[in-house]
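Visitor: just a sequence and a predicted model for now, questions to come.
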Amino acid sequence: MKSALGLVEACNLIQNKQLTAEEFLEQCVERANQIEPVLKAFTIRATLSTLQQRSGVGPLMGIPVAVKDLIATKDFVTTNGSPIYKDFTPAEDASIVQKVKKLGGVVFGKTVTTEFAWRHAGPTTNPWNSAHTPGGSSSGSAAAVAGGIVPLALGSQTAGSIIRPATFCGIVGFKASFGAVPRVGVHPVSDSLDHIGFLTRSVKDAVYAFNLLRNTATDEDDSIVLPELILSPISEVLGNQKPRIAILQTPFDDLLSDEQKDIMQTATRLLKASGASIEELTLPQTYWDGIEALAVLMACEAAVVHEKHLKQFPELLGADMKELIQKGMAYSASDYIKAKNLQMKLRRGIGEYFQRFDSILTAAATGEAPKGLDFTGNPIFCSLWSFIGTPAIALPVNKSRNGLPLGIQLIGNYKEDEKLVNMAAFAEECFKALGN
């Protein structure tokens, strides 16, 4: 895989006039022209001349950003991964796209998503092996970053749609605490669960993107404002205490491939060697009940969102989406209220474990990216954290025998994103011993 500039590196070079915005954009377009015929990460791209004209002045000057095709862009058709919207151009940009532009960044193009970010996969391939999926639903966003086309892509996650594709493609995926990143202008899957996040090549790049694009006002439903995240030496962050990491035991660990189990052991060994304290953690069953409750919230809220689509365009909806809508309609109001109550209970309760641990380590996926493009992978190891709304970050660790990326995810306490990204930076440095 060709190495490419990371976000912070590219920004520094451009700001210090060691690289012009025009030159960098040209490099990115050339890279896309080389690999897009196989990668198929984008539904539509801007031309080089358009990119150079639209690039502005600011901390993201000259930075091409890939935008998931669920996020409104007034300069591009926004299909939401559905033929229903194949010709739809929004009247205005989503809030986060407005931020990108105000900071000097430019939308490189729209990236492939599954249908309404739910299951039915698009044509995007894995950059490491085109016979394998890149994951979903932020398929194109992860592939565009991993393939070296752009240093930053916007994705979304309702169950596992940032963390899993980041892991399958061997990059960093960061889902901040629920409500910390603007969602206005993003087609909803489930308002109780949807997160907007970042796909980058390093932890520092993800932090840089978050700091620039996070919410700075609570003017959206469920929005929160987190302060700028600061990366510091882990000894300063923890007051010279050892990093305390919990290795989570889950009811689904039998789904892990042997190679994924080995990766967990490798990550644990490297973290211990760097001074971390490691302890196994088992959560009460009520937490795992949260995964079924996530399914209830997602189905109920998706049924409301897509009621109009089912009435007006039933022939244009995929079978998976129709099934989700039908499930949502079958649940009772009581089912929905119980799921919401459990979500709030677990969000409050998870803090108890972060009094004992600085982060929780778990698998991000069951193993390497599955072969074929129809199945984007099982989100089971991501779903609980999307339900609770805690921050999560995917980190690459090593490769499988087939040369496909394998990784882990770290979880932090709700609203304690700064500690999480510092733990992730510590872990990222540990994993460099493997030469990735």
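Guide: Sure thing, it's come through.
Visitor: now do the residue most central in space within the chain against residue 10, distance only.
Guide: The structure's the chain has its C-alpha centroid closest to residue 162; by CA atoms, centre = their mean the separation is 2.2 Å. Using CB to CB, to the nearest Å, residue 162 is found at 21 Å from residue 10. Placement of C-beta: from N, CA and C, glycine included.
Visitor: ditto for residue 289
Guide: 44 Å.
Visitor: which one's more surrounded, the two?
Guide: Taking neighbours as other CB atoms under 10 Å, residue 289 and residue 10 compare with residue 10 leading, 25 against 16.
Visitor: following the helix or strand where the more buried one lies, which helix or strand comes up?
Guide: Using DSSP states H and E, residue 10 falls within helix 7-15. For helix 7-15, the following helix or strand on the C-terminal side (DSSP H and E) is helix 21-39.
Visitor: off-centre distance for that following helix?
Guide: With CA atoms, centre = their mean, to the nearest Å as the basis, helix 21-39 stands 22 Å off its chain's centre.
Visitor: ok, stretch 150-168 next?
Guide: Relative to its chain's centre, stretch 150-168 lies at 3 Å (CA atoms, centre = their mean).
Visitor: pLDDT averaged over that stretch - what is it?
Guide: Taken as a whole, stretch 150-168 has a mean pLDDT of 98.
Visitor: C-alpha coordinates for it, PDB please?
Guide: The C-alpha trace of stretch 150-168 is given here as PDB (Å, rounded to 0.1, in the frame of the first residue of the first chain):
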ATOM      1  CA  VAL A 150      -7.700  11.600   1.100                       C
ATOM      2  CA  PRO A 151      -6.300  12.100   4.600                       C
ATOM      3  CA  LEU A 152      -9.800  12.600   6.200                       C
ATOM      4  CA  ALA A 153     -13.200  11.200   5.500                       C
ATOM      5  CA  LEU A 154     -16.500  11.700   7.300                       C
ATOM      6  CA  GLY A 155     -18.500   8.600   8.300                       C
ATOM      7  CA  SER A 156     -21.400   7.700  10.500                       C
ATOM      8  CA  GLN A 157     -22.200   4.900  12.900                       C
ATOM      9  CA  THR A 158     -25.500   3.600  14.300                       C
ATOM     10  CA  ALA A 159     -24.200   0.200  15.300                       C
ATOM     11  CA  GLY A 160     -20.600  -0.400  14.000                       C
ATOM     12  CA  SER A 161     -20.300   1.600  10.800                       C
ATOM     13  CA  ILE A 162     -17.200   3.600  11.600                       C
ATOM     14  CA  ILE A 163     -15.200   1.200  13.800                       C
ATOM     15  CA  ARG A 164     -15.700  -1.900  11.700                       C
ATOM     16  CA  PRO A 165     -14.700  -0.500   8.200                       C
ATOM     17  CA  ALA A 166     -11.800   1.400   9.800                       C
ATOM     18  CA  THR A 167     -10.600  -1.900  11.200                       C
ATOM     19  CA  PHE A 168     -11.100  -3.900   7.900                       C
END
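Visitor: pull out the buried residues from it.
Guide: The neighbour-count check on stretch 150-168 (16 or more other CB atoms under 10 Å) flags 150-168 as buried.
Visitor: surely the residue nearest to the centre of the chain touches residue 175?
Guide: Yes - under the criterion of CB atoms under 8 Å, residue 162 makes contact with residue 175 at 5.0 Å.
Visitor: identify the contacts common to these two.
Guide: 195, 197 (CB atoms under 8 Å, 6 or more residues apart in numbering).
Visitor: ok so, going back, next step: the buried residues of stretch 150-168 restricted to helices.
Guide: 163-168 (DSSP state H).
Visitor: nearest to residue 348 among those residues?
Guide: residue 163 (22.8 Å; CB to CB).
Visitor: find me the pLDDT at residue 436, would you?
Guide: 57.
Visitor: in the stretch 151-300 of the chain, which spans are strands?
Guide: 152-157, 172-175, 195-200, 244-249, 277-282 (DSSP state E, counting those that start in this stretch).
Visitor: which other residues reach the second one?
Guide: Identification of contacts with strand 172-175 by CB under 8 Å, 6+ apart yields 138, 142, 155, 157, 162-163, 165-167, 195, 197-203, 205-207, 209-210, 385-386, 391-396, 421, 424, 428.
Visitor: all set now, cheers.
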